[in-house]
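[1] the following comprises the amino acid sequence and a computationally predicted model.
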There are 2 protein chains.
Amino acid sequence: MSLRSALLALLRVGPMSGYDLQKQFSQSVGHVWHAADSQIYPELRKMANEGLVVAEEQPRGERGVRRIYHVTDAGDQAFLAWMNSPPEYQRTRDAAHLRAAYLESAEPDAARSFLRAHIEHWTYELSCWDGELAHIEALDNPMLVNRLRVTDERDHERTIAYKRFAYEGLAARARSEIAWAQHGLETVDRLERGRSERS
Amino acid sequence: MSLRSALLALLRVGPMSGYDLQKQFSQSVGHVWHAADSQIYPELRKMANEGLVVAEEQPRGERGVRRIYHVTDAGDQAFLAWMNSPPEYQRTRDAAHLRAAYLESAEPDAARSFLRAHIEHWTYELSCWDGELAHIEALDNPMLVNRLRVTDERDHERTIAYKRFAYEGLAARARSEIAWAQHGLETVDRLERGRSERS
DNA sequence: TGGTGCATGTAAGCAGTTACATGATTAG
DNA sequence: CTAATCATGTAACTGCTTACATGCACCA
């Protein structure tokens, strides 16, 4: 249900087409919740069938149709119900840590490559999230600006504070992953030194 | 492919039935990679069809059959190939941080409940991982003991070190999530104080 | 006329969840 | 005898991925 909530959260800021939403998912929101285009269009159709959104159909050329989706009252309530409901957690399923637990089975160089790839991945994620944080602080994130425009001015501070809070959490996680993998590289070196000394 | 790798990792320690594996997934390994029984049995069948494992069939009563799975050479190679291959990362999809980014839409009490649930969830996970770490240090984790038994003594140190490394990473992540949510609770209080002063 | 961006999808398939379903063995 | 544990699955469904597929509008 999170894709649905993410779509509602975006549409509550203002009506958008599937394509517009897709762009959001490849930028700002996409750094928190990823969704592919092939998933967005069918989901919007389903939401329209369930009355959470309505499609304003605009003709495009001879046959093409552009659908601008608007949130309905039912959609608004569904989003708020999700926001006020207890979160659901999935059981841990972490490929990187699974692999780490069996690293003695890998070649030392493969172990190092894996840890460097881990650092590279989380460094990239961190740069995205730090970038979003900079846009929040500078108030030049287009979605945030639009959202503040449809928000009571007394709620601006909270709106900004929670956005910042969310991205700070993701950035902290990325830093923790990077530190862990760096510690891992040191561990590989230490253990390999131990092996070469014994041989 | 990670479920498959996790199954191979366990079976490389020694042959086991689907039921035995299932128990491992609800204990030690299950804290890194979760899998349900309804997923394990079909996967073992598929792996047997592909020659990664062989089932030693034992009759059980009149009609029942117990299947003890053994890793084949092909299975061993598949596991090592996975260990030596570059990791694959999925795009971020984080329901808690998505929700956090829109927390101004929630009732303050719902926001607090959410953050407390987050702390509770990660505190529980942390206790599991700290528990596993204690079993690793005390050398009384049964799977680890079995694994050391089938491992060259010169590799004992590495085997233990990487297990410890994996669980330390998970524990660090849990602590980071808890600290984040605690900071979130303070943020809610600060913002709500601000609102009540203005009203 | 040709490329980029706008705009919309379908189809096959995989991984995982939830619910259902059955029967054997062993310890108290 | 009965409850816990051992032991094995199937079926329907959800969420997501990958690959495929089409066509318009505008600018150079």
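    Arrived safely.
[2] so what's the backbone phi/psi at the residue of chain A found nearest DNA strand D?
    DNA strand D sits closest to A:G61 of chain A, with a gap of 2.5 Å, by Cβ to the nearest atom of the strand. (Each C-beta comes from the backbone N, C-alpha and C, glycine too.) Torsion angles at A:G61 (phi, psi; degrees, to the nearest 10) stand at phi 70, psi -150.
[3] for A:I68, same thing?
    According to degrees, to the nearest 10, A:I68 has phi -100, psi 120.
[4] partner residues bridging it?
    Beta bridges link A:I68 to A:S17, A:E56, judged by DSSP bridges.
[5] picking that back up, show the pLDDT at the residue of chain A closest to DNA strand D.
    If you check A:G61, the pLDDT there is 77.
[6] what's the answer for A:L10, then?
    97.
[7] mind giving me the packing neighbours of the host helix or strand of it?
    Using DSSP states H and E, A:L10 maps to helix A:2-13. Counting contacts by 3 or more Cβ pairs under 8 Å, 6 or more residues apart in numbering or on different chains; DSSP states H and E, helix A:2-13 is packed against helix A:18-25, helix A:37-49, strand A:53-60, strand A:64-71, helix A:73-84, helix A:142-149, helix B:95-100.
[8] mind putting those into a markdown table with distance to A:E132 and mean neighbour count?
    A markdown table is the format used below for the helices and strands packed on helix A:2-13 (distance: least, Cβ to Cβ, whole Å; neighbours: other Cβ atoms under 10 Å in any protein chain shown):
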| stretch | distance to A:E132 | mean neighbour count |
| --- | --- | --- |
| helix A:18-25 | 12 | 18 |
| helix A:37-49 | 20 | 15 |
| strand A:53-60 | 26 | 14 |
| strand A:64-71 | 24 | 16 |
| helix A:73-84 | 20 | 16 |
| helix A:142-149 | 9 | 16 |
| helix B:95-100 | 11 | 23 |
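[9] OK, contacts around the residue nearest to A:A106 when sequence neighbours are not counted?
    Distances taken as Cβ to Cβ, 6 or more residues apart in numbering or on different chains put B:M83 closest to A:A106, at 4.2 Å, once the chain neighbours are dropped. Applying Cβ atoms under 8 Å, 6 or more residues apart in numbering or on different chains to B:M83 gives the contacts A:R99, A:Y102, A:L103, A:S105, A:A106, A:A110, B:S5.
[10] give me that answer again for 7 Å
    A:R99, A:Y102, A:S105, A:A106, A:A110 (Cβ atoms under 7 Å, 6 or more residues apart in numbering or on different chains).
[11] tell me the domain ranges of chain A?
    A:2-84, A:95-198 (automatic domain parsing).
[12] the first one near DNA strand C at all?
    Meaning domain A:2-84. Yes: using Cβ under 7 Å from any atom of the strand, domain A:2-84 reaches DNA strand C at A:17-20, A:22-23, A:37-38, A:41-42, A:44-45, A:60, A:64-67.
[13] tell me how many other residues crowd A:S28.
    Neighbourhood size, A:S28 [other Cβ atoms under 10 Å in any protein chain shown]: 22.
[14] tell me the pLDDT at it?
    At A:S28, pLDDT is 87.
[15] which one is it nearest to, not counting chain neighbours?
    A:M143 (5.4 Å).
[16] hmm, back to that, for the residue nearest to A:A106, report the pLDDT, please.
    Model confidence at B:M83 (pLDDT) stands at 97.
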